[in-house]
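Fold the following, please.
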Amino acid sequence: MSEASGGDRGEQQITNQLASLVPTFDPSKDDMQTYKQKVEIVLGAWPKSRITELTTRLILNTSGSAFQTLQIHHAELMDNDPKSVTKLIELLGGQWGRIGLEQ
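Predicted coordinates:
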């Protein structure tokens, strides 16, 4: 039993460390492409069982019209699935998995 709780604690610790890496986004001053790339990196390192927590942190780290847009759609973004993060980027006007030159 102690191994299971130790595993949970280890995963929690990883999430707390990664939480400081979740990028902020303000559409009036931040570049969508750079934001998307940062989100892709964090998603790759984030525990797959905690995607909902990442999505929540991403929503709360936005401001202005970006926050308003995501807040309207927050219910559909709360699946514990990496596709929720993809949808979040698309709602903000980005394209997942493409860089500027490819577009």
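
Quick one: the strands in this structure, in order.
Using DSSP state E, no strands are found in the chain.

Low-confidence stretches in it?
Scanning the chain for pLDDT under 70 picks out 1-15, 97-103.

show me what contacts residue 55?
Shown in contact with residue 55 (Cβ atoms under 8 Å, 6 or more residues apart in numbering): 77-78, 84-85, 88. Glycine gets a C-beta too; all of them are placed from N, C-alpha and C.

how does it look with 6 Å?
Neighbouring residues of residue 55 by Cβ atoms under 6 Å, 6 or more residues apart in numbering: 77, 84.

Now do it against residue 87, distance only.
9 Å (Cβ to Cβ, to the nearest Å).

cool, residue 72 as well?
Relative to residue 87, and taking Cβ to Cβ, residue 72 is found at 13 Å.

out of the two, which sits in the busier spot?
Using other Cβ atoms under 10 Å, the more surrounded residue of residue 72 and residue 87 is residue 87, with 18 against 10.
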